[in-house]
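> Okay, sequence plus prediction incoming.
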Amino acid sequence: MPHLPPAQGLGFRMRPSGGKSGRPAARSVHGVSEVSASWWWWSQAPLQLKNLPVNSFSLEFLTELIINLEKLENDKTFRGIIITSDCPKAFSAGVDLREICGKNPAHYTEYWKVLQDLWLRLYLSNLVLISAINGPCAAGGCLIPLTSDYRILADNPKCLIGLNETRLGISAPFWFKDPLVNIIGHRASEHALQLGLLFPPAEALQVGIVDKVVPKDQVQSTALSVMTQWLAIPDHARQLTKNMIRKPTADLLVKHRDTDIQNFVSFISRDSIQKSLQMYLAKLKQNKD
Ligand SMILES: CC/C=C\C/C=C\C/C=C\CCC/C=C/C(=O)SCCNC(=O)CCNC(=O)[C@H](O)C(C)(C)COP(=O)(O)OP(=O)(O)OC[C@H]1O[C@@H](n2cnc3c(N)ncnc32)[C@H](O)[C@@H]1OP(=O)(O)O
């Protein structure tokens with residue numbers, strides 16, 4: 001794991017709410033972020049993503065997320081996580097474009113490997129993962145929802161979700177495509193992926209990329225109630241079943257991850273791609289003004 005300098009505004013929060021268990025809040029400060037590990041409701045942890053302004057996946061943010069997930073996974077008192085965003089602008093803007101623009105091949109290699117690591121950790125997690133999606137998530141921003149067990153989307157026209165890579169002139173990695181196919185089926189994925197569709201809430205529900213759409217102020221309470229249903233199932237039976245269903249998909253990435261890294265690095269290092277990226281980043285900044 002690389003050594004990381006402290007950063008402002010980067011962090012994950014596990015927020016207590018009611019202290020049902022009567023356990024005192026544990027607070028620990030780490031290299032990058034402050035993690036306040038407390039009990040909200042026995043055995044379920046709300047994990048709030050906060051990498052302002054849009055929860056884009058910087059290398060530092062990815063690394064911290066993996067560390068925090070590992071801690072939760074190893075803490076046998078936790079059986080599920082509700083993942084949501086603490087950034088008002090987005091659930092996640094996906095790949096942090098500054099990480100893949102103007103850097104060197106070694107950096108691109110490390111970045112892609114860590115992104116794969118996060119995917120593997122989430123996809124094969126023993127915990128129940130529920131995405132409480134309270135903001136837009138496009139392309140790489142769908143990584144957490146697509147690897148979760150259940151997705152709840154806020155009913156807001158800004159909350160668009162989908163793998164829109166083709167609209168950016170790129171192709172979604174196979175390990176983004178595979179979970180989508182597993183969730184919405186082959187034909188709907190062909191359609192969604194080739195056209196780079198970003199679904200507004202009602203369409204997202206109809207195609208099945210999310211499991212529930214609720215008013216924004218009910219996303220958390222709905223997530224809690226869904227979590228309760230999932231936690232009613234004995235862990236060992238649910239975990240074995242999850243692993244049985246997901247392992248073949250995960251194995252594909254494990255088997256091909258080196259080739260996938262090489263492909264990504266050679267693609268992203270092209271001058272033409274770097275120019276497009278610079279233009280896209282500049283456009284994002286212009287749109288703001
Ligand atoms: C042309 C080539 C493009 C892409 C990549 C090329 C190669 C990659 C190869 C393979 C990878 C494939 C798999 C994954 C791909 C990805 O995830 S690519 C990234 C996809 N995400 C997006 O395109 C989202 C872009 N952002 C937005 O649409 C909006 O910002 C938003 C809807 C999330 C929020 O909108 P607003 O509330 O209007 O906020 P702003 O637009 O003003 O944004 C605030 C601030 O954040 C910066 N920003 C936004 N997204 C990113 C990002 N992904 N990476 C880095 N920075 C980002 C934005 O520039 C603003 O910055 P400032 O101007 O405040 O400095």
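Arrived safely.

> Not counting its neighbours along the chain, what's nearest the closest residue to the ligand within the stretch 101-250 of the chain?
Of all residues in the stretch 101-250 of the chain, G140 sits closest to the ligand, with a separation of 2.6 Å (CB to the nearest ligand atom). To be clear about C-beta, it is placed using only N, CA and C from the backbone, and glycine gets the same treatment. When the adjacent residues along the chain are set aside, G140 lies closest to G94, with 2.8 Å between them (CB to CB, 6 or more residues apart in numbering).

> Get me the contact residues on this structure for the ligand.
Neighbours of the ligand within the chain, by CB under 6 Å from any ligand atom: 53-54, 56, 89-90, 93-98, 100, 136, 138-141, 165, 168-170, 172-173, 268, 276-277, 280, 284-285, 287-288.

> Take the residues you listed and keep only those in helices.
By the criterion of DSSP state H, membership of these in helices covers I268, S276, L277, Y280, L284, K285, N287, K288.

> most surrounded residue in the residues you listed?
Of all these, I268 has the most neighbours under the rule other CB atoms under 10 Å, reaching 21 neighbours.

> Would you check how far apart that residue and Q274 are?
From I268 over to Q274 the distance is 8 Å, taken as CB to CB, to the nearest Å.

> The nearest residue to P201 once chain neighbours are set aside: how many residues sit nearby?
Of all residues not flanking P201 in the chain, V213 sits nearest, at 4.4 Å (CB to CB, 6+ apart). Applying other CB under 10 Å, we find 22 other residues in the vicinity of V213.

> Okay, and the beta partners of P46?
Under the criterion DSSP bridges, P46 forms beta bridges with I82.

> tell me, what's touching I268 and Q274 both at once?
Counting by CB atoms under 8 Å, 6 or more residues apart in numbering, I268 and Q274 have no contacts in common.

> quick one on the thing from earlier: now the residues of the chain next to the ligand: which count as buried?
Buried by 16 or more other CB atoms under 10 Å: 54, 56, 90, 93-97, 100, 136, 138-141, 165, 168, 170, 172-173, 268, 277, out of the residues of the chain next to the ligand.

> Report pLDDT for K76.
pLDDT for K76: 88.

> One more: D289?
What the model reports for D289 is a pLDDT of 46.

> Same question for T241.
Confidence per residue is given as pLDDT, and for T241 that number is 98.

> Report the buried residues of the helix or strand in which it is found.
Assignment of secondary structure by DSSP states H and E places T241 within helix 235-268. Residues 238-239, 242, 246, 249-250, 253, 257, 260-261, 264-265, 268 are the ones in helix 235-268 that count as buried (16+ other CB under 10 Å).

> Now distance to Y108 too, for those, in TSV please.
Formatted as TSV, the entries for these read as follows, by distance: CB to CB, whole Å:
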residue	distance to Y108
R238	37
Q239	34
K242	32
R246	27
T249	24
A250	23
L253	18
R257	14
D260	12
I261	8
F264	7
V265	5
I268	5
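
> Tell me the one of those nearest P105?
When those are compared for distance to P105, the smallest value, 5.2 Å, is given by V265; criterion: CB to CB.

> what about the nearest residue to P88 once chain neighbours are set aside, neighbour count?
On the basis of CB to CB, 6+ apart, the spatially nearest residue to P88 that is not a chain neighbour turns out to be G135, at 7.3 Å. G135 has 25 neighbouring residues, counting by other CB under 10 Å.

> quick one, what contacts G135?
Neighbour list for G135: S85, C87, P88, K89, A90, F91, S92, A154, K158, C159 [criterion: CB under 8 Å, 6+ apart].
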